[in-house]
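K.L.:
please find the sequence and the predicted model below.
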Amino acid sequence: MSNFVVSARKYRPAKFSEVVGQEHVGQTLKNALKNDHLAHAFLFCGPRGVGKTTCARILAKMINCQNKSEDFEPCGTCSSCESFEKNSSFNILELDAASNNSVEHIRTLTEQVRFQPQQGQYKIFIIDEVHMLSSQAFNAFLKTLEEPPPHAIFILATTEKHKIIPTILSRCQIFDFKRIQIPNMVSHLQKICKEEGIEAEKDALHIIAQKADGALRDALSIFDRIVSFSGDKIKYEDVITNLNILDYDYYFKFTEAMLMQDLSKVMTIFDEILRNGFEGDIFLSGLGEHLRNLLVCKDEATLQLLEVSDGLKDRYREQANLAPASFILTSLNLTNDCDINYKLARNKRLHVEMALIKMTFIAQAIEVAQNPQPVLEKKTLDQSSVSSPSATPQNITPTAASPTPKVATPAVVQPTKPEVENAPTNQVQEETTPITYETTPSKEAENSQIEVENPAKEVEEVEAAEPIAAEVPPTPSLNKAVTSGMPKLSSLELLDAEIAAEEAEEAEVEIPELTLETAQKAWDGYLATVKQMSTRSIMKPAEIAVRDGKIVVSVGSKLGVNTIRQEPDLMDYMRKELQNNVIELSIEIDEEKSLANQVDRKPKALTEKDKYDMMKEINPLIGEMRKRFDLKLERE
């Protein structure tokens, strides 16, 4: 078996200049060495895989290096540097606080601090994952950290700075390490590929860097896995296959189909993604990232936030120009809501598809919101419709009431004449005023419709006499537009008339008189339908009374009031039994009963027989089970 060394160890930086993405830390430490302003305690904090322990080792080597260069980098050839590389140095000690976190380990460390270095000027102690120390260990370490001997230097490293107590933080010089940016990672991976003789596509390295999430060590581990899979040639397809990443081409197709409102294509692409083994949450995460990239490309000032390859940037910019900002923002909001509620959905596929359908028709929804449909208004009949020869008779539905009892019938108009001669003033009005007629109010023909006939034959003269009184069915006083050739009224008028008729019918229904006997009978009837024993025990002793047309129920406690109010079917049952849909129920607390309950309430110990009877009353099958298996009570 070959002595393979992973890239994270093989290409571990040996100088500050080789550390990727932490130039501010390296430059500060080199200036401190140059100006002889070296602190006795350092704290390196930041996310995983960004170079904290690496910088601690480089600093430890540099402090005891015997051949310091002009730029203050360790030489790597002196005895101190060589002994450290071989893990045989007695002046540089590393301690893993994750496994050595007790007070005893710290006491051992403080004992070693007292001894002088065997070689060189300083003795350096590197404590990794220092946040794992117990509170007692931190307290034991405080005095040594605050006032160490002149030859001792402590370098602490942690990924969780907030877990370190403030007394430790105040005694250290703190350096915050940044997450490594994707371009820096890609550049470092390209150097490694060049060293190893590997051909790699830049898009493939970008995917590796994005998957590493700011940690270079994770990127190198992924790189080794991809090399084992694809060999000396790393392709984009191999990376997305090995890392189970959804290709960005799918998201470009999705956005294009949604902009074209092609729902069938959207559903087909999503089905293909599911058949390829990707879950809906992975798709939603990628879609949100894609929409975010499109939003970033809408402005040149934010284009630098796009962490993709140069070739892909042009593609994003092109699609961003086609997608409106309103579409992108609304889609982002829908994607975020769908992702949040994804785990709660029972049918996860339908949950995602509903979000995709909404995104597909965003443009249409925005258009409808900006240009709402106009509200249909009731039409009025003017004089032009009276003289129209093509008008046909229509049925008229009453819409408004009028107190005048007189009935007038309109004169027949000659179609060829533009005006009506000798017509009464109450028959033909101005051009914009509808012609009306009056009727006598009546309750029997409230919903009847009046048909006005318009003969097909022409009449040469118009009767100039007074309006002829016509016997019409008695109807309510109405103000209607009646003339030959009037079109049908809108459905809204018909609906208003039907509602008015129903209300009148309900008003005519005689409501039975509410008495104490009928109220008590309805109450007892509902009580018979209640199955819960606790509710029945509260409702049964309640007193019923009738006051001012209301049913008043008196109970002895506030619990009884709440219990009765929570009965969902009580009011429906009472109104149905009493044939009164407007009846009200008032629940009151009887002070005398409440006081009596408090006085008479005494704790009573239940026997085994009492408990059995209560269980049997709740579930009669318990008695059957006892007989079948010949069971007996424990103290019977």
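P.N.:
Good, I have the coordinates. The structure displayed is predicted, hence computed values, not measured ones.
K.L.:
straight-line length of stretch 205-224, end to end?
P.N.:
Distance between the two ends of stretch 205-224: 12 Å, counting by CA to CA, to the nearest Å.
K.L.:
how about the helices in the stretch 451-600 of the chain?
P.N.:
491-508, 516-529, 533-539, 558-565, 570-578, 591-600 (DSSP state H, counting those that start in this stretch).
K.L.:
out of these, which gets nearest to Glu70?
P.N.:
helix 558-565 (85.5 Å; CB to CB). C-betas here are computed from N, CA, C, even on glycine.
K.L.:
any idea of the angle the closest one forms with helix 570-578?
P.N.:
60 degrees (axes from the mean of the first three to the mean of the last three CA atoms, to 10 degrees).
K.L.:
for the record, mean pLDDT for helix 558-565?
P.N.:
Mean per-residue pLDDT for helix 558-565: 83.
K.L.:
tabulate the helices of the stretch 451-600 of the chain (JSON lines), appending mean neighbour count and distance to Asn293.
P.N.:
Output for the helices of the stretch 451-600 of the chain, formatted as JSON lines (neighbours: other CB atoms under 10 Å; distance: least, CB to CB, whole Å):
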{"stretch": "helix 491-508", "mean neighbour count": "12", "distance to Asn293": "50"}
{"stretch": "helix 516-529", "mean neighbour count": "14", "distance to Asn293": "63"}
{"stretch": "helix 533-539", "mean neighbour count": "15", "distance to Asn293": "60"}
{"stretch": "helix 558-565", "mean neighbour count": "15", "distance to Asn293": "56"}
{"stretch": "helix 570-578", "mean neighbour count": "16", "distance to Asn293": "57"}
{"stretch": "helix 591-600", "mean neighbour count": "11", "distance to Asn293": "69"}
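K.L.:
how near is Ser17 to Arg179?
P.N.:
Using CB to CB, to the nearest Å, one gets 20 Å for the distance from Ser17 to Arg179.
K.L.:
in terms of neighbours, single out the busier of those two.
P.N.:
Between Ser17 and Arg179, Arg179 has the larger neighbour count (other CB atoms under 10 Å), namely 16 against 13.
K.L.:
are we agreed that the more buried one is in a strand?
P.N.:
No: applying DSSP: H, G, I helix; E, B strand; the rest coil, one finds Arg179 to be coil, outside a strand.
K.L.:
quick one: it from Gly46, how far?
P.N.:
From Arg179 to Gly46 the distance is 8 Å (CB to CB).
K.L.:
same thing with Leu495?
P.N.:
Taking CB to CB, one finds Leu495 at 70 Å from Gly46.
K.L.:
now do Cys193
P.N.:
26 Å.
K.L.:
more neighbours: which of the two?
P.N.:
More crowded of Cys193 and Gly46, by other CB under 10 Å: Gly46, with 23 against 17.
K.L.:
skipping adjacent residues, who's closest to the more buried one in space?
P.N.:
Among residues not flanking Gly46 along the chain, Phe177 sits closest, at 2.9 Å (CB to CB, 6 or more residues apart in numbering).
K.L.:
and the one you found, what does it touch?
P.N.:
22, 25, 44-47, 50-52, 55 (CB atoms under 8 Å, 6 or more residues apart in numbering).
K.L.:
ChimeraX command for the buried members of the residues you listed?
P.N.:
Those of the contacts of Phe177 that count as buried under 16 or more other CB atoms under 10 Å are selected in ChimeraX with:
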select :22,25,44,45,46,50,51,52,55
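K.L.:
before we move on, the earlier item: any chance of the helices of the stretch 451-600 of the chain in a markdown table, with distance to Asp71 too?
P.N.:
Shown next, in a markdown table, are the helices of the stretch 451-600 of the chain (distance: least, CB to CB, whole Å):
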| stretch | distance to Asp71 |
| --- | --- |
| helix 491-508 | 87 |
| helix 516-529 | 93 |
| helix 533-539 | 85 |
| helix 558-565 | 81 |
| helix 570-578 | 88 |
| helix 591-600 | 90 |
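K.L.:
for His351, find the nearest of those helices.
P.N.:
helix 570-578 (35.9 Å).
K.L.:
what are the contacting residues of that closest one?
P.N.:
512, 514, 518-519, 521-523, 525-526, 529, 551, 564, 581, 583, 585.
K.L.:
what is the nearest of those to Ile622?
P.N.:
For the contacts of helix 570-578, the nearest to Ile622 is Thr529 (22.8 Å; CB to CB).
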